[in-house]
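Chemist: Structure of the sequence below:
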Amino acid sequence: MPNILVDSLSKKFNGLTAVAALLLVLTLAAYSNSFHGEYHFDDYHQIRMNPYIRDIGNIPRYFTDAGIVSFNVGFRLYRPMTLSSFALNYAFSGYDTFGFHVFNFAVHFLNSLLVYLVVSGLLRLSSHGKPFPAALFASLVFALHPIQTGAVDYITGRSALLVTFFYLLAFYCFMHFRTEGGKSRYAWGALVPLLYLMGLLSKEMAVSLPAVMLTYDLIFTRPGDPARGRAGTWLYYAAFAAVLAFYLYLKKTLQVTFTEQQGAVRVIDYLSTELRILLMYARLLVFPVNQNADYNLPFMAVWYNWLSVLAALLSGLSVYMLYRLRAVYPVVAFFGLWFFITWAPESSLVPIADLAVEYRLYLPSVGFLAAAVVALYGATSFPPAAKKAAACTLLLLFCILTFCRNKVWATEYSLWDDAFRKAPYSARAFLNLEMARVQHKRYAEAVAGLTKLNDPVLSMNAHGRSILHNQAGFAMMEMGDLTGALREFEIAVREDPSEISPHENRGLVLLKLGRYAESAEAFLKVIGINPNYSEPHTNLSMVYNMMKRDEDSLREAREAVRIEPLDFSAKYNLATSLYNSGMKAEAYRQARETLRLADGGDQVKKAEALVVSVQQ
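Modeler: Numbering: from 1, shown residues only. Predicted coordinates:
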């Protein structure tokens, strides 16, 4: 008997190893050009400029303070598991995006493997067709589908990856809890609420897990099954009610609001709009072309527009048909309902600022794609060879589409140029394109962007106008037009006095013009808006150095390094300030540290020159 058990486990392990190897090779091929992609959008304020991720000692604090998720003062979001992963990434690889992308890819691969385990487990439970080919194909379709690039290529999209990981793992444990006998089942059962909490702490959409579990019980756990009697089917859900209540209490206490809401939007208007978007989501899953990082779709002010009515009717009919199919095709019914259940938390009754975002489809796509694959495998009577040929063709197409989509996500310029071409009415896409033009030194194009200032199609608010003037001003400054740059920065400050960048850039151009007192005032305003930002302290230190205020210069230089101990510019300026203050020994130590922080090229030459100069 033990030999039979060992042989069974060995075969199962070897089979899973082969599946994992195939998944890894094909997924790696699809995402092989994604590992050096730049930061995008929320990545800047949540990672690149967020001082709180630079010390893994802050991890316990992430669970008690929702105000340290971002560089932006006043921004609150309670996702401590996701934030902890950023801190761990930074501890291993600093700001190099390679490490962040490797982490995202690894979680996506694990999620794909979990899809295989969940689908194969349900197929075996229902005796619906051969588990292996359908489960393998479902996991590969999930892994290679180009819609997943919104979560995998976008570093901050990691929250969707992590919540899906804990969600799938929790459901996999729940399946074992419902089907296994003996004492081990209680260990499986105890893991599920814990994983549910970890999912909630990664992203709010994990809230739907108990509904998916209940759907499983209604379809697969029959009244006469021993699992129902032993487990106390309904009593088990009390643990999840307790976990959810605890999480909602934490979120309300620490984040203040349950979610980021879109002004005073009525629930009925939000639902009406999201139902219309559901048609677009279905189209993207079936026919994944013309993807966009910023759909920026408008609200539908009333619920009875014909597209929303059509979507509501189709959704209702789909749910009804899936329910009716539960006895004949239980796995198809279950995964179809999974799609609607996991879509609902972010796209039904709680208004969220962004109406249509591709990474919101990451978890729901598990249900949609698995239902489609299982239905096609079970309902078609094509020869096995024909099925394999069709599957390979589709996977190759998805692999190519994903590879191409990764190229769009490669840089800020390529991403927002693509987004604005597809949504020329989106002010956000245009403004992000302007910032990307400056980042990639396309200064003439950035200045020309001022012609869009009064474009009625874009309808920019004061904050948008401030960004546009600021980017144009920075381009002018880099092109040597300091007078024009100062004019644009001052307009940007008037448009939105709370925006940091115009104040900081205004300080820089005033420094170049030799207007030191005004420059210092500008940097002090930046510090007043966000005291935990190192760069204005470094710049203020340089201003004080020009004003021969050595003590003030040194104080600001030390403060900049305290906030950002691994920043090259801050360290370089501190070494210079120490040398100017006569502290040559300490200046030399800091100069050596500067050389260690140099990322190659010009920084190395600059640091080496500094070391030589402070030695003299």
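
Chemist: which stretches of this protein aren't confidently modelled?
Modeler: 1-14, 127-130, 222-233, 258-265, 300-304, 378-382, 600-601, 616 (pLDDT under 70).

Chemist: mind giving me the domain split of it?
Modeler: Listed by automatic domain parsing, the domain ranges of the chain are 2-408, 412-531.

Chemist: mind listing the helices for the stretch 51-200 of the chain?
Modeler: For the stretch 51-200 of the chain, the helices defined by DSSP state H, counting those that start in this stretch occupy 59-62, 80-93, 97-126, 131-144, 149-152, 158-179, 184-200.

Chemist: Within the helices and strands, which one has Asn400?
Modeler: Slight slip there: residue 400 is Ile, not Asn. Per DSSP states H and E, Ile400 falls inside helix 384-408.

Chemist: counting contacts, what elements does the next helix or strand after that helix pack onto?
Modeler: Heading C-terminal from helix 384-408, the first helix or strand you meet, by DSSP H and E, is helix 412-422. Here helix 412-422 touches helix 384-408, helix 427-439, going by 3 or more Cβ pairs under 8 Å, 6 or more residues apart in numbering; DSSP states H and E. (Each C-beta comes from the backbone N, C-alpha and C, glycine too.)

Chemist: Spatially central, which residue of the protein would that be?
Modeler: In the chain, the residue lying closest to the centroid (Cα atoms, centre = their mean) is Gly157, at 1.5 Å.

Chemist: hmm, back to that, who wins for proximity to Leu482 among the helices of the stretch 51-200 of the chain?
Modeler: helix 97-126 (32.7 Å; Cβ to Cβ).

Chemist: list the buried ones in that closest one?
Modeler: Neighbour-count burial for helix 97-126 flags 97, 99-105, 107-123, 125-126 (criterion: 16 or more other Cβ atoms under 10 Å).

Chemist: got a markdown table for the helices of the stretch 51-200 of the chain, with distance to Arg555 too?
Modeler: Output for the helices of the stretch 51-200 of the chain, formatted as a markdown table (distance: least, Cβ to Cβ, whole Å):
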| stretch | distance to Arg555 |
| --- | --- |
| helix 59-62 | 27 |
| helix 80-93 | 27 |
| helix 97-126 | 34 |
| helix 131-144 | 53 |
| helix 149-152 | 44 |
| helix 158-179 | 38 |
| helix 184-200 | 43 |
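
Chemist: Comparing the ones you listed, which comes out most buried?
Modeler: Sort the helices of the stretch 51-200 of the chain by mean neighbour count, taking mean count of other Cβ atoms under 10 Å, and helix 149-152 sits at the top with a mean of 26.

Chemist: Which secondary structure elements does that one sit against?
Modeler: Helix 149-152 packs on helix 97-126, helix 158-179, helix 384-408, going by 3+ Cβ pairs under 8 Å, 6+ apart.

Chemist: Please dump these into CSV; it should also carry distance to Val374 for every row.
Modeler: As requested, the helices and strands packed on helix 149-152 are exported to CSV (distance: least, Cβ to Cβ, whole Å):
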stretch, distance to Val374
helix 97-126, 7
helix 158-179, 16
helix 384-408, 13
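
Chemist: Nearest to Gln615, out of those helices?
Modeler: Using Cβ to Cβ, the helices and strands packed on helix 149-152 put helix 97-126 closest to Gln615, at 34.6 Å.

Chemist: Now do that closest one: which elements does it pack against?
Modeler: For helix 97-126, the packing partners by 3+ Cβ pairs under 8 Å, 6+ apart are helix 2-31, helix 80-93, helix 131-144, helix 149-152, helix 158-179, helix 209-220, helix 330-347, helix 362-379.

Chemist: what's the closest of the ones you listed to Phe398?
Modeler: Across the helices and strands packed on helix 97-126, the minimum distance to Phe398, taken as Cβ to Cβ, is reached by helix 131-144, at 4.1 Å.

Chemist: How about Ile47: what's its closest non-neighbour residue?
Modeler: Phe86 (5.5 Å; Cβ to Cβ, 6 or more residues apart in numbering).

Chemist: Report the contact partners of the one you found.
Modeler: The contact partners of Phe86, taken as Cβ atoms under 8 Å, 6 or more residues apart in numbering, are Gln46, Ile47, Asn50, Ile53, Phe100, Arg158.

Chemist: ok, 10 Å please
Modeler: Residues counted as contacts of Phe86 (Cβ atoms under 10 Å, 6 or more residues apart in numbering) are 43, 46-47, 50, 52-54, 62, 69, 79, 100, 103, 155-156, 158.

Chemist: ok, those vs Leu195, which is closest?
Modeler: Closest to Leu195 out of those is Arg79 (15.9 Å), distances taken as Cβ to Cβ.

Chemist: out of everything not next to it in sequence, what's closest to that closest one?
Modeler: Ser159 (5.7 Å).

Chemist: Mind putting the domains of the chain into a markdown table with distance to Lys548?
Modeler: As requested, the domains of the chain are arranged in a markdown table below (distance: least, Cβ to Cβ, whole Å):
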| stretch | distance to Lys548 |
| --- | --- |
| domain 2-408 | 30 |
| domain 412-531 | 10 |
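
Chemist: nearest to Arg589, of the ones you listed?
Modeler: Smallest distance to Arg589 across these (Cβ to Cβ): 20.9 Å, for domain 2-408.

Chemist: gap between the closest one and the chain center?
Modeler: 13 Å (Cα atoms, centre = their mean, to the nearest Å).

Chemist: can you give me the end-to-end distance of stretch 495-505?
Modeler: Length of stretch 495-505, first residue to last, Cα to Cα, to the nearest Å: 15 Å.
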